[in-house]
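# what follows is a predicted structure for the sequence shown.
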Amino acid sequence: MNNLVEINQLHFERQGRIIFDGIDIQIPRGKVTAIMGPSGSGKTTLLRLIGGQLAPSKGRILVDGQDVHRLNARELYTLRKRMGLLFQTGGLFTHLNVFENVAFPLREHTHLSESMLRNLVLIKLQMVGLRGARHLMPSELSGGMARRVALARAIVLDPALIMYDEPLSGQDPITMGILLKLIRLLNDHFNLTTIIVSHDVQETFSIADYAYVIADGRLIGQGQPMDINQDTSKQVQQFIHGLPDGPVPFHYPACSFDQDLLKGINE
């Protein structure tokens, strides 16, 4: 099976609002796949659906051949141990130092000796360049360092699939470059399957093998980054070039401005 994740005819609604309206996505093994789109297009929701935190209205999601939403609690728990997730905010435990944050999944899911656990944590911290920061508390870390610690924690159980939720958000150019390099290197070194959710277009394109662009509940573009850059769709072009107006309008739908002003006078 060449695809680790297969999403077939996915429909999902929240409070009467359609988030996904029959989308199909394939995530190939060993590749970096980007899921992109404007804010509010459901990118983070898609990760939660893959992880089984949410259930689709219709359609199905297969992870390594298993139908995520037909698994019982024990089976889903086992599957989730093969997934790593880098939260948008990092999600570090504020009362634990860097070492213990990375060690947490090992303490929770394994019975390793302390010496083996220590070695594994130091190996993962070395990979993200923060072995020397293992005694620091999260409050002592910069934003970029916190993301790297969270990344070390996400890979400490050697997952088959790792998902990144807006990993570049709020980062300076140097930190962004470091994170991009780490995501690509870790994917290739460990033969991971990577899903990166982002609206940082060209930065994400620099490491992605394939990308999907979502808007209005459907796929509006897909392909290799070069293909998407050359896509003639006005909606795709507006997104990848950050144009302020286009198919996604600047103004929220409303009656005419004159009508609104007159209504106020009449009231």
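Alright, I've got the coordinates.

# could you count how many residues lie near Gly40?
Residues lying near Gly40 (other CB atoms under 10 Å) number 11. C-betas here are computed from N, CA, C, even on glycine.

# any low-confidence regions in the stretch 1-150 of the chain?
Low-confidence segments of the stretch 1-150 of the chain (pLDDT under 70): 1.

# which stretches in it count as strands?
In the stretch 1-150 of the chain, the strands defined using DSSP state E, counting those that start in this stretch lie at 3-14, 17-28, 32-36, 58-63, 66-67, 83-86.

# phi and psi next, for Ile207.
Backbone torsions for Ile207, taken as degrees, to the nearest 10, come to phi -120, psi -10.

# could you say which helix or strand holds the residue lying closest to it once chain neighbours are set aside?
Residue nearest to Ile207 in three dimensions, not counting chain neighbours: Arg184, with 4.4 Å by CB to CB, 6 or more residues apart in numbering. Element membership for Arg184 (DSSP states H and E) is helix 173-190.

# returning to that earlier point: give me whichever of the strands of the stretch 1-150 of the chain is most buried.
Of the strands of the stretch 1-150 of the chain, the one with the most neighbours on average (mean count of other CB atoms under 10 Å) is strand 32-36, at a mean of 24.

# so which elements touch that one?
Judged by 3 or more CB pairs under 8 Å, 6 or more residues apart in numbering; DSSP states H and E, strand 32-36 is in contact with helix 43-50, helix 173-190, strand 193-198, helix 201-205, strand 210-215.

# of the ones you listed, which is nearest Leu117?
helix 173-190 (19.0 Å; CB to CB).

# how far off centre is that closest one?
Remark: helix 173-190 is offset 14 Å from the chain centroid, using CA atoms, centre = their mean, to the nearest Å.

# next one: stretch 211-220
15 Å.

# what do you get for stretch 140-157?
Put simply, stretch 140-157 sits 15 Å off its chain's centre (CA atoms, centre = their mean).

# cool, and stretch 74-86?
The chain centroid and the centroid of stretch 74-86 are separated by 15 Å, computed with CA atoms, centre = their mean.

# kindly export it (C-alpha atoms) in PDB.
The C-alpha coordinates for stretch 74-86 follow below in PDB (Å, rounded to 0.1, in the frame of the first residue of the first chain):
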ATOM      1  CA  ARG A  74      -8.200   0.400  22.600                       C
ATOM      2  CA  GLU A  75      -7.500   0.000  18.800                       C
ATOM      3  CA  LEU A  76      -7.500   3.800  18.300                       C
ATOM      4  CA  TYR A  77      -5.200   4.300  21.300                       C
ATOM      5  CA  THR A  78      -2.700   1.800  19.700                       C
ATOM      6  CA  LEU A  79      -2.900   3.600  16.300                       C
ATOM      7  CA  ARG A  80      -2.300   7.000  17.900                       C
ATOM      8  CA  LYS A  81       1.000   5.800  19.300                       C
ATOM      9  CA  ARG A  82       2.100   5.600  15.700                       C
ATOM     10  CA  MET A  83       1.300   9.200  15.100                       C
ATOM     11  CA  GLY A  84       3.200  12.300  16.200                       C
ATOM     12  CA  LEU A  85       1.700  15.800  16.400                       C
ATOM     13  CA  LEU A  86       3.300  19.100  16.700                       C
END
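
# who's in contact with that stretch?
With contact meaning CB atoms under 8 Å, 6 or more residues apart in numbering, stretch 74-86 is reached by 47, 50-52, 63-64, 66, 68, 71, 109, 147, 150-151, 154-155, 157, 159-165, 167.

# picking up where we left off before, and among the helices and strands packed on strand 32-36, the most buried is which?
strand 193-198 (a mean of 24).

# and it, which strands flank it?
In the sheet, strand 193-198 lines up against strand 32-36 (parallel), strand 161-165 (parallel) (DSSP bridges).

# Leu92: which of these is closest?
Across those, Leu92 has its closest neighbour in strand 161-165 (14.4 Å, CB to CB).

# which of the residues in that closest one are buried?
Buried positions in strand 161-165, judged by neighbour count with 16 or more other CB atoms under 10 Å: 161-165.

# so what touches that strand?
Here strand 161-165 makes contact (CB under 8 Å, 6+ apart) with 4-5, 27, 43-44, 47, 50-51, 63, 82-88, 154-155, 183, 186-187, 192-198.
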